[in-house]
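>>> quick check, what structure comes out for this input:
(2 chains)
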Amino acid sequence: MDKIITRFPPSPTGALHIGGARTALFNWLYARRTGGTFVLRLEDTDKARSTQESVDAIFQGLEWLGIDWDEGPFYQSKRTEIYQEHIQKLLDEGAAYYCTCTPEELDEKRKAAMARGDKPKYDGTCREKGLEKCEGAVVRLKAPQTGKTVFEDKVKGTIAFDNQELDDLIIARSDGSPTYHLAVVVDDITMGVNTIIRGDDHVSNTPRQILLYNALGYPVPTFAHVPMVLGADKKRLSKRHGATSVVEYKDMGILPEAMINYLARMGWSHGDQEFFTVDELKQVFTLENIGKSAGVFDPARLLDLNGDHIRAAKDKRLAPLFIEQLAKLGVETEEGEYLYQVMETLKPRAKTTIELAEKALFYYADDIEYDPKAANKCLKAEAVPALELLIEKLEAADVSDEKQVEEAFVQVMEATGLKMGKIAQPVRVALTGQTASPGIFEIVQILGMDKVKARLAKAMDYIRQQEA
RNA sequence: GUCCCCAUCGUCUAGCCCGGUCCAGGACACCGGCCUUUCACGCCGGCGACAGGGGUUCAAAUCCCCUUGGGGACGCCA
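Next up is the predicted model:
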């Protein structure tokens, strides 16, 4: 088998959305897996809708996901001569012809055909007229009117269309610019693309494109049509379903490796395995294991997977993201041992890096604010003696040793006759302001004696104030 | 409307190609419980699906047909 060459050809008319990102991912993974080449191409022939902002947004999305390309980015807008040559070649060979039907006429014919219950295809008015090039004329492919166009789809199997169903598609607009079908096929041919992995909304475009390959005299590439990603209502994913642009998930505290894992697992499977690293995917991704049916985008699963990836992430990898989120909450801090320890206690408790930062706030606060319910429930007079004794015991110990911290708590338990819960909860609220937090011993160890003492003292003051 | 594609728990899916080992397995979500200083994590358990109908066969989630449902395409958009 020749070297695999895949491509991702977004049209820059918006951000990189979930579906596009998955298409890019599959093409990228397949190229990586097979040692092939991955090409990036911007399909910007629609001048009215293509924007530089969209181009940038797409780059940004790919960069965030870590999807890199080997060739390109190519811009269709810069390849007009190449398209002209191929269009002219088809014209010269009689495989294409000029058509002077106006958009209005065409529109009427379409409506009439629909009303009749027919397929709204071009009726071939100009097909045999032998028209010369003239103002306002488009170029149409002279497609076969009988027979079948059949292809072997890597995920769907054999797909066949009667050529009667197809019509003479326009390959050049009246301004001479190439249309989508012509441009894609010429690009894929000239860029050597031999494996086309794309959304299955393209299956009905495929026979038309195959006809173009035939007319141009080039071998037809391998097609793999991946099922679409739908929203919870089974409709095409759109703004109504929440965030559709991948970078929005970055801002939501999602890790790119989690997004990739999620995207890969939706529509593709590898036995019962759910968790994949990117490197792993590059090793095991295959076209054969892509499912045939459309899938619903499920944010809950993404979140769960993100939690798994947070837990699996190395400190060095997570630290910058954590710091960034802390900064958004007004905490300026830097990477170091303290930060690592903080992260370690929070990793199993966070589904996003935002959550990670939110739960870390008490580690950085100068003054703890009590959650009213928590204070009400735990900061009561009966806790004072235990807190006082705890300060005493902790001061006598080395709090940098978690074991000694625990020992201090045990001593307080024994001396007061209170259960661990009765001591730990007031301490937890005193140190964090909340009833839910990482383990109390590790918090004491990380915070250090000075802060612990100050916070416990403050809690006792608070209790006395409440009692008074 | 016409053509194309699809159809296993609420969701993502394994199994389907090469029928029996499947009164259908895993994961998310949900509900119980365990662990325990709280919350998570983890562990254990529960809930929960082969769209319907016909065939073929000793035997069908698996093969065939029909119906229904969903999606897509039908542009001088990509």
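
>>> contacting residues for the closest residue to A:Gly295 other than its chain neighbours?
Among residues not flanking A:Gly295 along the chain, A:Met266 sits closest, at 4.8 Å (CB to CB, 6 or more residues apart in numbering). The way it works is simple: take the backbone N, C-alpha and C, and place the C-beta from them, glycine included. By CB atoms under 8 Å, 6 or more residues apart in numbering, the contact set of A:Met266 is A:Arg22, A:Val229, A:Gly295, A:Phe297.

>>> among those residues, which are within reach of RNA strand B?
When CB under 7 Å from any atom of the strand is applied, the members of the contacts of A:Met266 adjacent to RNA strand B are A:Gly295.

>>> report pLDDT for the residue nearest to A:Gly295.
A:Met266 carries a pLDDT value of 93.

>>> ok, it to A:Ser293 distance?
To A:Ser293, A:Met266 is 11 Å away according to CB to CB, to the nearest Å.

>>> the stretch 301-450 of chain A against RNA strand B: which residues are in contact?
Proximity of the stretch 301-450 of chain A to RNA strand B, by CB under 7 Å from any atom of the strand, involves residues A:301, A:303-304, A:307-308, A:311, A:348-349, A:406, A:419-421, A:424-425, A:428, A:435-441.

>>> in ChimeraX, select just the buried ones from these.
Buried residues among those (16 or more other CB atoms under 10 Å), as a ChimeraX selection:
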select /A:303,307,308,349,406,424,425,428,437,438,440,441
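
>>> mind listing which of the residues of the stretch 301-450 of chain A next to RNA strand B are in helices?
Using DSSP state H, the members of those that fall within helices are A:301, A:303-304, A:307-308, A:311, A:406, A:420-421, A:424-425, A:428, A:440-441.

>>> tell me how chain A divides into domains.
Listed domain ranges for chain A are A:79-226, A:368-467 (source: the TED database).

>>> can you check the pLDDT for A:Glu288?
94.

>>> nearest residue to it other than its sequence neighbours?
A:Lys154 (7.7 Å).

>>> do you know how far the one you found is from RNA strand B?
12 Å (CB to the nearest atom of the strand, to the nearest Å).

>>> ok, now A:Gln52?
Distance, A:Gln52 to RNA strand B, by CB to the nearest atom of the strand: 16 Å.

>>> how about A:Asp201, nearest residue that isn't a chain neighbour?
Spatial nearest neighbour of A:Asp201, excluding adjacent residues (CB to CB, 6+ apart): A:Met228 at 6.2 Å.

>>> these two touch, right, that neighbour and A:Ile18?
No - between A:Met228 and A:Ile18 there is no contact under CB atoms under 8 Å: 10.2 Å.

>>> more neighbours: those two, which one.
A:Ile18 (23 against 17; other CB atoms under 10 Å).

>>> doesn't A:His241 make contact with the more buried one?
No - with contacts counted by CB under 8 Å, A:Ile18 stays clear of A:His241, the gap being 9.1 Å.

>>> shared neighbours, the two?
A:Phe297.

>>> need the per-residue pLDDT for A:Arg240.
Listed pLDDT for A:Arg240 reads 70.

>>> actually A:Cys134, sorry about that
Taking A:Cys134 on its own, its pLDDT is 88.

>>> which residues touch it?
By CB under 8 Å, 6+ apart, the residues touching A:Cys134 are A:Tyr98, A:Thr100.

>>> what are the phi and psi values for it?
According to degrees, to the nearest 10, the main-chain angles of A:Cys134 amount to phi -160, psi 170.

>>> hmm, stretch A:171-182 touching RNA strand B?
Yes - on the criterion CB under 7 Å from any atom of the strand, stretch A:171-182 is in touch with RNA strand B at A:Arg173, A:Ser174, A:Asp175, A:Thr179, A:Tyr180, A:His181.

>>> turn the residues you listed into TSV, including pLDDT.
TSV is the format used below for the residues of stretch A:171-182 next to RNA strand B (pLDDT from 0 to 100):
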residue	pLDDT
A:Arg173	93
A:Ser174	92
A:Asp175	91
A:Thr179	93
A:Tyr180	94
A:His181	96
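
>>> CSV for those, including secondary structure and neighbour count?
Shown next, in CSV, are the residues of stretch A:171-182 next to RNA strand B (DSSP: H, G, I helix; E, B strand; the rest coil; neighbours: other CB atoms under 10 Å):
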residue, secondary structure, neighbour count
A:Arg173, coil, 14
A:Ser174, coil, 17
A:Asp175, coil, 8
A:Thr179, coil, 18
A:Tyr180, helix, 19
A:His181, helix, 17
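
>>> which helix of chain A spans the most residues?
Per DSSP H, chain A has its longest helix at helix A:449-467.

>>> name the residues that touch it?
Outside helix A:449-467, the residues touching it (CB under 8 Å, 6+ apart) are A:367-368, A:370, A:375, A:379-381, A:383-384, A:387-388, A:390-391, A:394-395, A:399, A:426-427, A:429-431, A:444, A:447.

>>> in ChimeraX, how would I select the buried members of those?
Selecting only the buried entries of the contacts of helix A:449-467 in ChimeraX, with 16+ other CB under 10 Å as the criterion:
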select /A:368,370,375,379,383,384,387,390,391,394,399,426,427,429,430,431,444,447
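
>>> counting only helices, which of the contacts of helix A:449-467 make the cut?
Residues of the contacts of helix A:449-467 located in helices (DSSP H): A:375, A:384, A:387-388, A:390-391, A:394-395, A:426-427, A:429-431, A:444, A:447.

>>> which ones are touching A:Gly130?
Applying CB under 8 Å, 6+ apart to A:Gly130 gives the contacts A:Tyr97.

>>> next, it: secondary structure please.
Three-state assignment for A:Gly130 (DSSP: H, G, I helix; E, B strand; the rest coil): coil.

>>> so where's the stretch 101-250 of chain A shaky on pLDDT?
A:242-243 (pLDDT under 70).

>>> related to what we said a few turns ago, and the longest helix of chain A, what's its mean pLDDT?
For helix A:449-467, the mean pLDDT works out to 90.
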